[in-house]
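Trainee: Provided below are the primary sequence and the corresponding predicted coordinates.
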Amino acid sequence: MRDRQVQDILDWYDRHARDLPWRVGPSARAAGVRPDPYRVWLSEVMLQQTTVAAVKAYFERFTTLWPTVTDLARAEDGMVMGEWAGLGYYARARNLLKCARVVADEHGGRFPETREGLQALPGIGPYTAAAISAIAFDEPEVVVDGNVERVMARLFDIRTPMPAAKPEMKAAAAEMTPNHRPGCYAQAVMDLGATICTPRSPACGICPWREPCLARTAGIQAELPVKAPKKTKPTRYGYAYVARRADGAWLLERRPDSGLLGGMLGWPGSDWNEDPRAAPPIKADWHRLTEEARHTFTHFHLRLKIDVANLPPDAEPEHGTFIPRHEFRPASLPTVMRKVFDLAHGSFENVG
DNA sequence: GAGGCGTGGCA
DNA sequence: TTGCCAAGCCT
């Protein structure tokens, strides 16, 4: 029975596999083309908790700037963080660089081929290690991500709430994983989860697993997997300070490596909490903008009051660094900081 | 084990 | 507007 289902989803994948920039499609794979482990790794890290649509442009940009893991290992930290800006979960970018440097310096520029070897690297956990091993090296590893959990919960009608159901999902995934074409199988299940077995309104009518799917038989496919309700997000408040020196340089600061937006550039500002204290980085004639910047993070809403100021050529702030006008790219800021800039920059006159 | 950690799209 | 969701990892 399991062999029948594996064959059915592989047949479906051979006909309907998504064409993705980092993917070697089923026909090319059958012709002997092997995926580049560097590109598989880079795409998997970018795809952690992130949509394919958001990742595509970043993947193209990164692989153009840094075609190999050795190239990436030699990049400057600030350059990589700036290129990652907007993609979110910035610890991924810091770990990406760490990982590239370990692979370049300690593994001769080649990725380990085993799940164990891969999972020892920074930013590579159980899912990513199994995925790289399966996709890049065609090892029959059990690949379990959110897609696989959803598909298995439905195929086997697993009603145990998450995250308690994880061991059952893993066992179900292990039961299904084939020794033949494991890389294609892993990508097939993820494509199925992304395009047919979707969280809401799954397209069961065109699913290659519609017959054996126990949740569909019971009519509860859209209710699975069962998840605990989310906690409501609190709102925090803060101040952001946008200052421009007379020569057009902007006063920014590099945030500490750990914590929220770690390692990213941002505007100087206060702490973000229920009752923040204003904390300008330099004595100046600050002007408060009418509009606040609003942004929502994973676990709280944020509202920032924005102060702007022009600084003299010899300004010496208590903290922060002046970024010359021609070196400053708003796109290299995390989104919340870019929102602040978008609101503030209109209040400055152009400098020739 | 639970919480921290981004962002944008969509119902 | 609000909530939910997307190929998790780290502490």
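Mentor: Received, thanks.
Trainee: Chain A: helices as residue ranges?
Mentor: Secondary structure of chain A (DSSP state H): helices located at A:2-16, A:26-30, A:37-46, A:52-65, A:69-73, A:77-84, A:91-106, A:115-119, A:126-137, A:146-155, A:166-176, A:182-195, A:214-218, A:335-344.
Trainee: so how far is the first one off the chain centroid?
Mentor: So that's helix A:2-16. 29 Å (Cα atoms, centre = their mean, to the nearest Å).
Trainee: Let me know whether it sits next to DNA strand C.
Mentor: No - Helix A:2-16 does not reach DNA strand C (Cβ under 7 Å from any atom of the strand); its nearest approach is 12.1 Å. Heads up, the C-betas are built off the backbone N, CA and C, glycines and all.
Trainee: now for that helix, which elements pack on it?
Mentor: helix A:26-30, helix A:166-176, helix A:182-195 (3 or more Cβ pairs under 8 Å, 6 or more residues apart in numbering; DSSP states H and E).
Trainee: average pLDDT across stretch A:8-27?
Mentor: Across stretch A:8-27, pLDDT averages out at 96.
Trainee: Give me the buried positions along it.
Mentor: Across stretch A:8-27, burial judged by 16 or more other Cβ atoms under 10 Å covers A:8-10, A:12-14, A:17, A:20, A:22-26.
Trainee: What of stretch A:57-74?
Mentor: Neighbour-count burial for stretch A:57-74 [16+ other Cβ under 10 Å]: A:Tyr58, A:Phe59, A:Phe62, A:Thr63, A:Trp66, A:Val69, A:Thr70, A:Asp71, A:Leu72, A:Ala73.
Trainee: Look up the closest residue to the residue in chain A that DNA strand B sits nearest to, ignoring the ones flanking it.
Mentor: Using Cβ to the nearest atom of the strand, A:Gly88 is the residue of chain A that sits closest to DNA strand B, at 2.6 Å. Spatial nearest neighbour of A:Gly88, chain neighbours left out: A:Thr50 (6.8 Å); criterion: Cβ to Cβ, 6 or more residues apart in numbering.
Trainee: From A:Thr64, how far out is that neighbour?
Mentor: For A:Thr50, the distance to A:Thr64 equals 19 Å [Cβ to Cβ, to the nearest Å].
Trainee: ok, back up a step: wait, which of the helices and strands packed on helix A:2-16 is closest to DNA strand C?
Mentor: For DNA strand C, the closest of the helices and strands packed on helix A:2-16 is helix A:182-195, at 4.6 Å, according to Cβ to the nearest atom of the strand.
Trainee: check whether the closest one contacts DNA strand C.
Mentor: Yes - using Cβ under 7 Å from any atom of the strand, helix A:182-195 reaches DNA strand C at A:Gln187, A:Met190, A:Asp191, A:Gly193, A:Ala194.
Trainee: I'd like to know which of the residues you listed are buried.
Mentor: Applying a neighbour-count criterion of 16+ other Cβ under 10 Å, the buried members of these are A:Gln187, A:Met190, A:Asp191, A:Gly193.
Trainee: so who does the residue of the stretch 51-200 of chain A found nearest DNA strand C touch?
Mentor: Nearest residue of the stretch 51-200 of chain A to DNA strand C (Cβ to the nearest atom of the strand) works out as A:Gly125 at 2.4 Å. Counting by Cβ atoms under 8 Å, 6 or more residues apart in numbering, A:Gly125 touches A:Gln119.
Trainee: next one: the one 4 residues further on
Mentor: Contact criterion Cβ under 8 Å, 6+ apart gives A:Arg115, A:Glu116, A:Leu118, A:Gln119, A:Glu141 as the residues in contact with A:Ala129.
Trainee: Same question for A:His287.
Mentor: Applying Cβ under 8 Å, 6+ apart, the residues near A:His287 are A:Asp307, A:Val308, A:Ala309, A:Ser347.
Trainee: pLDDT score for the nearest residue to A:Asp342 once chain neighbours are set aside?
Mentor: Nearest residue to A:Asp342, sequence neighbours excluded (Cβ to Cβ, 6+ apart): A:Pro330, at 7.4 Å. At A:Pro330, the model reports a pLDDT of 96.
Trainee: Count the neighbours of A:Pro330 for me.
Mentor: Per other Cβ atoms under 10 Å, the neighbour tally for A:Pro330 reads 14.
Trainee: how much space between it and A:Leu343?
Mentor: 12 Å.
Trainee: What of A:Ile323?
Mentor: According to Cβ to Cβ, A:Ile323 stands 18 Å off from A:Leu343.
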